[in-house]
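Colleague: Sequence first, predicted coordinates after that:
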Amino acid sequence: MDNTCEACRGQAPADHYLCQACQHSILAWLYEIPHQVRLLRDMLEPTTGPAQRGGTGRAHAPLPVRLDVLDLLGPGHAHVLEDPHGDQTGGVPVSAFLTGWAHYIASDVPTAYRDAHRTVHVLQVSNATAHPRSGTGLPAWCTWHARYLPYTATRPYGTRFHHELEGLLHRLRRLTHTTPRTRTLQAPCPQCQGFWLIEREDELLISCAACPVRLTPEAYTAHRAQVMPALAALALNMITPKPTAAA
Ligand SMILES: [Zn+2]
Ligand SMILES: [Zn+2]
């Protein structure tokens, strides 16, 4: 089996369809979902949006809830795996998405399997439906997916799960007007030399905004240790006043 990560074309571990970086993003998104849903619930009433200037008269009474928000929070059909193009995440509410995928994964989990380290895991599969231990709320389903991710990442549909979960997060963030936190790093890019290396909270790898470079945190630390002392000395030299020549 070719070990190319199907989501980012990076290198995945043996017998995996998702690389460490894409698995890291999935965990970050699962962790973010309960927070995003709390924000959405606060937005459910149309009046809690930003203050609008003017507009005292309305032709119609406003709807009691925001339909675009309700779309994501309400019940709905579990996601449709038959979508041939893999881009149909629209219209599936968060809880239906998580439970639909969990039941699908649970129906595929054998009672025992070996992980990449050849360790045998024995899993409880009850009627091929998923049962989070900590209840049936959204955080419990997110925890369920995080616990099963080591298995999901070894299945061909792992890529599809990554892609759809990313789409769901985009929809949530668009509505809540939130973006993942980013930080521009101190050292220049090892390839284009620009100061464009960016660390993003839901991504394992550090990427350059100007060229295709991607670095692991360890590779960045080593690169920084190599280039920064010389750059710091150069900067210090530029700002230190030169002694004037004796008359
Ligand atoms: Zn990947
Ligand atoms: Zn670069």
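Modeller: Thanks, I have the structure now. Numbering: from 1, shown residues only. Ligands and ions are numbered 1, 2, ... in the order given.

Colleague: Settle this for me: residue 105 is touching residue 147, isn't it.
Modeller: No: applying Cβ atoms under 8 Å as the test, residue 105 and residue 147 come out as separate, 10.7 Å apart. Just so you know, the C-beta spots here come from the backbone N, C-alpha and C atoms, and that holds for glycine as well.

Colleague: got the contact list for stretch 167-186?
Modeller: With contact meaning Cβ atoms under 8 Å, 6 or more residues apart in numbering, stretch 167-186 is reached by 28-29, 32-33, 36-37, 39-40, 43, 68-69, 72, 87, 89-90, 92, 94, 97, 195-203, 206, 220, 224, 228.

Colleague: And those, which of them are buried?
Modeller: With burial judged by 16 or more other Cβ atoms under 10 Å, the buried subset of the contacts of stretch 167-186 is 28-29, 32-33, 36-37, 40, 43, 69, 72, 89, 92, 94, 97, 196-197, 199-200, 202-203, 206, 220, 224.

Colleague: now, which of these lie within helices?
Modeller: Among the buried ones among the contacts of stretch 167-186, the members falling in helices (DSSP state H) are 28-29, 32-33, 36-37, 40, 43, 69, 72, 94, 97, 220, 224.

Colleague: circling back to that earlier point, residue 105 and residue 147 - which one has more neighbours?
Modeller: Using other Cβ atoms under 10 Å as the criterion, residue 105 and residue 147 rank with residue 105 on top: 21 against 13.

Colleague: and the more buried one, which of the three is it?
Modeller: Of the three states, residue 105 takes helix under DSSP: H, G, I helix; E, B strand; the rest coil.

Colleague: Would you enumerate the residues in contact with it?
Modeller: By Cβ under 8 Å, 6+ apart, the residues touching residue 105 are 130, 145, 148, 151-152, 155, 161.

Colleague: For the helix or strand containing residue 100, could you pull out the residues that count as buried?
Modeller: Using DSSP states H and E, residue 100 maps to helix 94-108. Residues 94-106 are the ones in helix 94-108 that count as buried (16+ other Cβ under 10 Å).

Colleague: what's the offset of the helix or strand hosting residue 169 from the middle of its chain?
Modeller: Assessed by DSSP H and E, residue 169 sits inside helix 158-176. Put simply, helix 158-176 sits 8 Å off its chain's centre (Cα atoms, centre = their mean, to the nearest Å).

Colleague: moving C-terminal of that helix, what's the next helix or strand?
Modeller: Toward the C-terminus, helix 158-176 is succeeded by strand 182-184 as the next helix or strand (DSSP H and E).

Colleague: pLDDT averaged over that following strand - what is it?
Modeller: The average pLDDT within strand 182-184 is 95.

Colleague: Quick check: neighbours of that strand in the sheet, parallel or antiparallel?
Modeller: Partner strands and pairing direction for strand 182-184 (DSSP bridges) are strand 197-200 (antiparallel).
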